[in-house]
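Asker: I'd like to go over a predicted model; first the sequence, then the structure.
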Amino acid sequence: MKVYLVGSGPGDPELLTVKARRLLETADLVLYDHLSSSDALRLATRAEKIYVGKQRDDHSFPQDEIGQMLIAQWKTGKRVVRLKGGDPYIFGRGGEECEALARAGVPFEVVPGVSAAIGAGAYAGIPLTHRDHASCVAFVTGHHPSSMDWSKVAHADTLVIFMGAYHFPEIAAALIAAGRSPDTPAAAVSWATRPEQRTVHGTIATLAAQKIQSPAILYIGGVAGLTADLNWFERLPLHGIRVAITRPYAQSPNTAYKLMALGAETIEYPTIEIAPPLSYDALDQAIAKLESYDWLIFTSVNGVRAFADRLAASPRDLRALRAKLCTVGPMTRKTVEEMHLKVDVVPKEYVAESIVAAMAAYDMQGKQVLIPRAAIARDTVPDALKAMGAAVTIAEAYRTIVPASGAAPLADWVTFTSSSTVKNFIALNDPDTIRRYKTASIGPITTETLRMHGVEPTVEATPHTTEGVIDAILRYHHPQG
């Protein structure tokens, strides 16, 4: 067993290396810093997590003590990951921790991460080297500027300064005193590669007069002037917009990633949790006579997964299925197709009324219909099918319950993808809390529930899908497209 020093990169979770992901997923213990990626920590599902600090003037543990903690935890036989922001060996004190491990005879491995210098430059449109501007780069720390001999680095084509935001007026004066022109282009990138990234640029002299938010990476040299044209990240259409997602992260990763690709910050705030039914009796009885059904209707991804899991636990398999299949929405259809089944009917609109309209095209007289669904759901579809002459079996496949999510987060938007997400949001918070946000509804039924609570949704998705929700938010901020 080894101790692993892992770089989590500058903040964007998709910059985490494949190796870092694997080690976090199998870690027993993670010691992490202030700038370690929270999304990286989320991957360490089975690990104990210990915060060891490392902010300016706020170190939860002295550096020597962290080294001793790594050694002590390794001796217990645990798989230990030391998680660091950026790269462990670039102003991350990884070298000191490895020296402590080496002295103690502890085997270790270093997993590089994308350095904040490289990540911030790439996302802010500051190439560290450029044929017209820079053929050499110097990395320096600005944490203790009085201890640095600035004359040695002042004339580097590109000067990258870590931990220098607080002291930049002093640093700027030292660079100018060492002969660097006060008109040299300069830029500061705060919270690099994250949705809250902000870049300010100007010259050494003008940047020194501005307040720079920490943490920040500073760039001095001709390449810093390119950010005005090349800063692609802060031009993303939803950059700086905070969106709270009310479905559990495991059920909404695609939504989160699509929003992040547009520049938004996503905040997981699940207001529903999927739980087993109080009894599987109805679903088990239906599966026991699966071949008797003419139609199988799925109204959600959760219904498909619950049915598949219960079928797998039974003595039967898909060979007993002879029913035609109807699904609501593209994700439900995709989940069924992942079982290598073909879907016969997908309504044009992803609401119960559209299912009824689609099924009206078929002779339902005397047909046996199975609907595996949530314990509590609208009866629009079963009532309409019964009116058409069908015999309908409703099998409770799962329940939606209110999780212990706590108070609603700071955000600009809250997305609601079902009536349950609305009702549970209200249950988790003071009644007026919802009015602090712009609200995005997935469709008319969810909108109706919002209105029942006195809230007119800011946008409603068309089509009624999670992708439609994202498009509606995008249209709100960019109505001209």
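Answerer: Good, I have the coordinates. Remember, it's a predicted structure, so these values are computed and weren't measured experimentally.

Asker: relative to Asp64, how far out is Glu97?
Answerer: Remark: distance between Glu97 and Asp64 (CB to CB, to the nearest Å) = 10 Å. Bear in mind the C-beta positions are built from the backbone N, C-alpha and C, glycine included.

Asker: look at these two and report which has more neighbours.
Answerer: Ranked by neighbour count (other CB atoms under 10 Å), Glu97 and Asp64 place Glu97 first, with 25 against 11.

Asker: the more buried one - that's part of a strand, no?
Answerer: No - Glu97 is assigned helix when assessed by DSSP: H, G, I helix; E, B strand; the rest coil, not a strand.

Asker: give me the secondary structure label for the residue lying closest to it once chain neighbours are set aside.
Answerer: In this structure, Glu97 finds its nearest non-sequential neighbour in Gly67, 5.4 Å apart by CB to CB, 6 or more residues apart in numbering. Here Gly67 takes the helix state, with states given by three-state DSSP.

Asker: Gly67 contacts Val106, doesn't it?
Answerer: No - assessed by CB atoms under 8 Å, Gly67 is found out of contact with Val106, at 9.6 Å.

Asker: so those two - more neighbours on which side?
Answerer: Gly67 (22 against 19).

Asker: for the more buried one, give me its contacts.
Answerer: Glu96, Glu97, Ala100, Leu101 (CB atoms under 8 Å, 6 or more residues apart in numbering).

Asker: just the buried residues of those.
Answerer: Neighbour-count burial (16 or more other CB atoms under 10 Å) applied to the contacts of Gly67 gives Glu97, Ala100, Leu101.

Asker: residues touching the second one, list them.
Answerer: For Ala100, the contact set (CB under 8 Å, 6+ apart) comprises Asp64, Gly67, Gln68, Leu70, Ile71.

Asker: now flag whichever of those residues is closest to Leu41.
Answerer: Leu70 (17.3 Å; CB to CB).

Asker: domain assignment for this protein?
Answerer: Following automatic domain parsing, one finds the domains of the chain at 3-113, 118-233, 242-272+403-477, 280-398.

Asker: picking that back up, switch the contacts of Ala100 over to JSON lines; also include pLDDT.
Answerer: JSON lines is the format used below for these (pLDDT from 0 to 100):
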{"residue": "Asp64", "pLDDT": "86"}
{"residue": "Gly67", "pLDDT": "92"}
{"residue": "Gln68", "pLDDT": "94"}
{"residue": "Leu70", "pLDDT": "95"}
{"residue": "Ile71", "pLDDT": "95"}
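
Asker: can I get those residues in TSV with distance to Pro127?
Answerer: Converted to TSV, the contacts of Ala100 look like this (distance: CB to CB, whole Å):
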residue	distance to Pro127
Asp64	38
Gly67	36
Gln68	41
Leu70	36
Ile71	41
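
Asker: which one among those gets closest to Ile355?
Answerer: Taking the contacts of Ala100 together and measuring to Ile355 by CB to CB, the closest member is Leu70, at 57.4 Å.

Asker: skipping its backbone neighbours, what lies nearest that closest one in space?
Answerer: Here the residue nearest Leu70, using CB to CB, 6+ apart, is Val3, at 5.3 Å.

Asker: can you check Ala282 too?
Answerer: With sequence-adjacent residues excluded and distances taken as CB to CB, 6+ apart, Ala282 is closest to Ala395, at 4.4 Å.

Asker: can you report phi and psi for the one you found?
Answerer: With angles defined as degrees, to the nearest 10, Ala395 sits at phi -110, psi 120.

Asker: same question for the one 5 residues further on.
Answerer: Its backbone dihedrals place Thr400 at phi -110, psi 130, with angles given as degrees, to the nearest 10.

Asker: sec struct for the most centrally placed residue in the chain, please.
Answerer: In the chain, the residue lying closest to the centroid (CA atoms, centre = their mean) is Ala256, at 5.1 Å. When classified by three-state DSSP, Ala256 comes out as helix.

Asker: likewise for Asp309?
Answerer: Asp309 - assigned by three-state DSSP - is helix.

Asker: what count of nearby residues applies to it?
Answerer: The number of residues packed near Asp309 is 14, by other CB under 10 Å.

Asker: cool, Leu226 as well?
Answerer: 21.

Asker: before we move on, what about Leu35?
Answerer: By the criterion of other CB under 10 Å, Leu35 has 19 neighbours.

Asker: try Asp281
Answerer: Using other CB under 10 Å, Asp281 is surrounded by 11 other residues.

Asker: and the one 10 residues further on, by the same measure?
Answerer: By other CB under 10 Å, 11 other residues sit near Glu291.

Asker: now do the same contact list for the residue nearest to it when sequence neighbours are not counted.
Answerer: Using CB to CB, 6+ apart and skipping the chain neighbours, the partner closest in space to Glu291 is Ala320 (4.9 Å). By CB under 8 Å, 6+ apart, the contact list for Ala320 reads Ile287, Leu290, Glu291.

Asker: show the backbone phi and psi for Ala320.
Answerer: The phi/psi pair for Ala320 (degrees, to the nearest 10) is phi -80, psi -10.

Asker: how near is it to Ala395?
Answerer: 15 Å.

Asker: next: Thr227.
Answerer: Applying CB to CB to Thr227 and Ala395 gives a distance of 58 Å.

Asker: helix/strand/coil for the residue nearest to Ser279 when sequence neighbours are not counted?
Answerer: Spatial nearest neighbour of Ser279, excluding adjacent residues (CB to CB, 6+ apart): Glu396 at 7.2 Å. Judged by three-state DSSP, the three-state class of Glu396 is strand.

Asker: any idea how far Tyr280 is from Glu396?
Answerer: Here the criterion is CB to CB. By it, Glu396 lies 8 Å from Tyr280.

Asker: quick one, which of those two is more surrounded?
Answerer: Ranked by neighbour count (other CB under 10 Å), Glu396 and Tyr280 place Glu396 first, with 20 against 17.

Asker: what's the burial count for Ser418?
Answerer: The tally of other residues near Ser418 (other CB under 10 Å) stands at 22.

Asker: who are the contact partners of Ser181?
Answerer: So Ser181 contacts Ile204 (CB under 8 Å, 6+ apart).

Asker: separation between it and Leu175?
Answerer: Between Ser181 and Leu175 the computed distance is 9 Å (CB to CB).

Asker: identify the contacts common to the two.
Answerer: What both Ser181 and Leu175 touch, as defined by CB under 8 Å, 6+ apart, is the set Ile204.

Asker: picking up where we left off before, dump the contacts of Gly67 to TSV, plus pLDDT and distance to Gly11.
Answerer: Formatted as TSV, the contacts of Gly67 follow (pLDDT from 0 to 100; distance: CB to CB, whole Å):
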residue	pLDDT	distance to Gly11
Glu96	95	23
Glu97	96	21
Ala100	96	27
Leu101	97	27
